[in-house]
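Enquirer: I'll drop the sequence and a predicted model, then ask my questions.
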Amino acid sequence: MRADLHIHTVLSPCGDIEMTPVNIVRKAVGMRLGIIGITDHNSTLHAKEARKIGERNGLFVMCGAEITTKEEVHVLAFVDGDEAIEKLQLFLSDNIAKIPNDPDFFGYQLVVNENEEVLYEEENLLIGAINKTIEETEEFVHSLGGIFIPAHIDKSQNSLLSQLGYMPPHLKADALELSSICNFSDFMAKNSYLSKYNFIRSSDAHYLPDVGRVFTDFDISEPSFESIREAIRKSSIS
């Protein structure tokens, strides 16, 4: 089953105006994806709407966020169930710096319904860092029974390796994500100490044509949060 676990909606200021939940689901189905992850910057507010639309279209939607930690490391966090989603959202809202967004400079931050009607505009800029370290963020996500994946670790900015220079030995990552442009063999030749970790690859889509352009194959017959967690922990790419 094809999974693209890193997709931004129009709620992310860097997300294109066409990245509405209904458009993302339609594009994902067209790309023969079975699973997607909604990962807006420091917010879960579009995840439930995408999940609802996905259910009607045979697409399993993982609800989460791309969190920027205190070290400015990007990590993917996924949780299961409305209560956990709300707790994750509260964690993000309570810990992000309250800096007003400038839509003309950064882009709009919109929550829309399946009819693409604007329900809410987030006034605080979502792309800043929260006031929690990567270790504190990992511990909180796992306390909710969630999935924690350092994002695009091969990138030269906002990645675990670019910001810290190493993988903290006690960090409990369910997997590590590589960007769409990473050459896996070259990366592992330079970072052989990471060979004990599992890897996924995702699109990090901000525009509709990028949804499903890169994906990870999971050995799953019937998707559920738990079956996807297990598939992530066993995933491998080449």
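Expert: Received, thanks.

Enquirer: contacts and neighbour counts: CA atoms only from here.
Expert: Fine.

Enquirer: and the longest strand for this protein?
Expert: For the chain, the strand that runs over the most residues, judged by DSSP state E, is strand 60-68.

Enquirer: and the helices in the chain, which stretches?
Expert: Applying DSSP state H to the chain gives helices spanning 21-30, 47-56, 82-95, 103-106, 134-143, 160-163, 184-190, 225-234.

Enquirer: quickly list what the residue sitting nearest the centre point of the chain is bridged to.
Expert: Within the chain, one residue has its C-alpha closest to the average C-alpha position: by CA atoms, centre = their mean, that is Thr39, at 3.4 Å. Listed beta-bridge partners, Thr39: Gly64 (assigned using DSSP bridges).

Enquirer: how much space between it and Ser195?
Expert: For Thr39, the distance to Ser195 equals 26 Å [CA to CA, to the nearest Å].

Enquirer: now Tyr120
Expert: Applying CA to CA to Tyr120 and Ser195 gives a distance of 43 Å.

Enquirer: those two: who's more crowded?
Expert: When Tyr120 and Ser195 are compared on other CA atoms under 10 Å, the one with more neighbours turns out to be Tyr120, at 13 against 10.

Enquirer: distance of that one relative to Ile147?
Expert: Following CA to CA, the distance that separates Tyr120 from Ile147 is 27 Å.

Enquirer: now swap in Glu177 and tell me
Expert: Remark: distance between Glu177 and Ile147 (CA to CA) = 12 Å.

Enquirer: ok, those two, which is more surrounded?
Expert: For Glu177 against Ile147, the residue with the higher neighbour count under other CA under 10 Å is Ile147, and the figures read 25 against 22.

Enquirer: since we're on the closest residue to the more buried one other than its chain neighbours, how many residues are nearby?
Expert: Spatial nearest neighbour of Ile147, chain neighbours left out: Phe78 (5.1 Å); criterion: CA to CA, 6 or more residues apart in numbering. By other CA under 10 Å, the residues close to Phe78 number 27.

Enquirer: tell me the contacts of Phe78?
Expert: Contacts of Phe78 were listed using CA atoms under 8 Å, 6 or more residues apart in numbering, and they are 62-65, 141, 146-148.

Enquirer: thought Thr9 was touching Gly37?
Expert: No: here Thr9 lies out of contact with Gly37, judged by CA atoms under 8 Å, at a distance of 10.6 Å.

Enquirer: show me which of the two is the more surrounded one.
Expert: When Thr9 and Gly37 are compared on other CA under 10 Å, the one with more neighbours turns out to be Thr9, at 31 against 26.

Enquirer: what's the more buried one sitting at in phi/psi?
Expert: The phi and psi torsions at Thr9 (degrees, to the nearest 10) take the values phi -100, psi -180.
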